[in-house]
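Undergrad: What follows is a predicted protein model with its sequence.
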Amino acid sequence: MATLGELAELVGGEVCGDQEMEIIGVAGLEDAKPGMISLVAAAKMISMAKESQASAYIFPDNLEELDLPGIRVRVPRLAFAKILRFYYPKPPVRLGVDPSAVVGERFTCGPGCSVGPLAYIGKDVTFGENVIIHPGAVIGDRVTIGDDSEIYANVTIMDSTEIGERVSIHSGTVIGADGFGYVTVEGVHHKVPQVGKVVIENDVEIGANVTIDRATTGVTLIGRGTKIDNIVQIAHNVEVGEDNIIVSMAGIAGSTRLGDRVTLAGQSGVIGHVTVGSNTVVAARGMVIGNLPENSFVSGQPARTHSE
């Protein structure tokens, strides 16, 4: 529990109303009960706020027409996220290696690490500090994982993958499976060995049931700060820049390069061996079949300028 004033200090906002009001929790407008704080992110939500049972609200500092108690702040959704984390902190984990885990030779880890039940750790694996491996995860040989990263249950990370600091990988994801490479001769498909690796830089979050393939040779790269939704396929030798947003069911074919701050909306796709410039948005179900310059906004099949 906290007062409205204490929450305002937490998020760097301005109190509107009684700063000593006790706030027992946080919820959406429709679910909030008396004593809770909720979110009014824009003017269109004011009517819902007036019907809500919440006792206080988080709202933008430029929303003058809202005459309700709460916290006025520049980025209300970020403030809402911080308050959610305050009331719902991550549960503590048991430090050390669970007796049921299988750990290979020459495994090293920094202080504060946790390896859960039935996890598998291969040979020559290195963890930084405060790395959390949840139950049933599989970590292959020669994998490195940086400080404060968290690997959720039943994730598979194949050999030689490099993972940076503060990376989260959610359940069911496979990192470093073979890329889809074949040579067809007289109707017979001959597999091309996939001997590269995957590198995931700092502050990346990867959703559930994502597949990121190892490179044929060289590296499949996921750049710093990129966020990947559930059920996304990233093929061999793809290079994803920094701070990309890749939404559910998007697919990127082999050897494609995405610049920085690219958004691929739901069910969008990019063919192989093309470049998508920085600050580009591909709308839902857009199909990119050629290079796109920076600052593009495209949609459709094939994708072209959205205004068309």
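TA: Great, that's in hand.
Undergrad: alpha carbons only for contacts and neighbour counts from here, please
TA: Will do.
Undergrad: how far does the lowest-mean-pLDDT helix or strand in the chain sit from the chain's center?
TA: Of the helices and strands making up the chain, the lowest-confidence element is helix 46-51, at a mean of 87, by mean pLDDT, DSSP states H and E. Centre-to-centre, helix 46-51 and its host chain are 31 Å apart (C-alpha atoms, centre = their mean, to the nearest Å).
Undergrad: now stretch 183-203
TA: Worked out by C-alpha atoms, centre = their mean, stretch 183-203 lies 25 Å from the chain centre.
Undergrad: Ok, stretch 229-243 next?
TA: The answer for stretch 229-243 is 11 Å, by C-alpha atoms, centre = their mean.
Undergrad: Renumber starting at 12 from here on
TA: Yes, from this point I'll number from 12; that puts the last item at stretch 240-254.
Undergrad: Just the terminal-to-terminal distance for it.
TA: This stretch, stretch 240-254, spans 13 Å end to end (C-alpha to C-alpha, to the nearest Å).
Undergrad: cool, and stretch 230-238?
TA: Span of stretch 230-238 from end to end, C-alpha to C-alpha: 19 Å.
Undergrad: what's it in contact with?
TA: 207-217, 223-225, 246-257 (C-alpha atoms under 8 Å, 6 or more residues apart in numbering).
Undergrad: Try it again at 7 Å.
TA: 207-217, 225, 247-257 (C-alpha atoms under 7 Å, 6 or more residues apart in numbering).
Undergrad: Just the mean pLDDT for that stretch, thanks.
TA: Mean pLDDT, computed over stretch 230-238, is 98.
Undergrad: chain center to it, what's the gap?
TA: Put simply, stretch 230-238 sits 11 Å off its chain's centre (C-alpha atoms, centre = their mean).
Undergrad: low-scoring stretches of the protein, by residue?
TA: For the chain, no stretch is flagged by pLDDT under 70.
Undergrad: was I right about L129 contacting P146?
TA: Yes - counting by C-alpha atoms under 7 Å, L129 touches P146, with 5.7 Å between them.
Undergrad: what sits against R225?
TA: 187-190, 205, 207-209, 231, 247.
Undergrad: ok, now with 8 Å
TA: 186-190, 205-209, 231, 246-248.
Undergrad: Tabulate these (JSON lines), appending secondary structure, distance to D72 and neighbour count.
TA: Below are the contacts of R225 laid out as JSON lines (DSSP: H, G, I helix; E, B strand; the rest coil; distance: C-alpha to C-alpha, whole Å; neighbours: other C-alpha atoms under 10 Å):
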{"residue": "I186", "secondary structure": "strand", "distance to D72": "42", "neighbour count": "24"}
{"residue": "G187", "secondary structure": "strand", "distance to D72": "45", "neighbour count": "26"}
{"residue": "A188", "secondary structure": "strand", "distance to D72": "47", "neighbour count": "20"}
{"residue": "D189", "secondary structure": "coil", "distance to D72": "50", "neighbour count": "20"}
{"residue": "G190", "secondary structure": "coil", "distance to D72": "49", "neighbour count": "25"}
{"residue": "Q205", "secondary structure": "coil", "distance to D72": "53", "neighbour count": "19"}
{"residue": "V206", "secondary structure": "coil", "distance to D72": "53", "neighbour count": "15"}
{"residue": "G207", "secondary structure": "coil", "distance to D72": "50", "neighbour count": "21"}
{"residue": "K208", "secondary structure": "strand", "distance to D72": "46", "neighbour count": "26"}
{"residue": "V209", "secondary structure": "strand", "distance to D72": "43", "neighbour count": "28"}
{"residue": "T231", "secondary structure": "strand", "distance to D72": "42", "neighbour count": "29"}
{"residue": "A246", "secondary structure": "coil", "distance to D72": "43", "neighbour count": "27"}
{"residue": "H247", "secondary structure": "coil", "distance to D72": "45", "neighbour count": "32"}
{"residue": "N248", "secondary structure": "coil", "distance to D72": "44", "neighbour count": "27"}
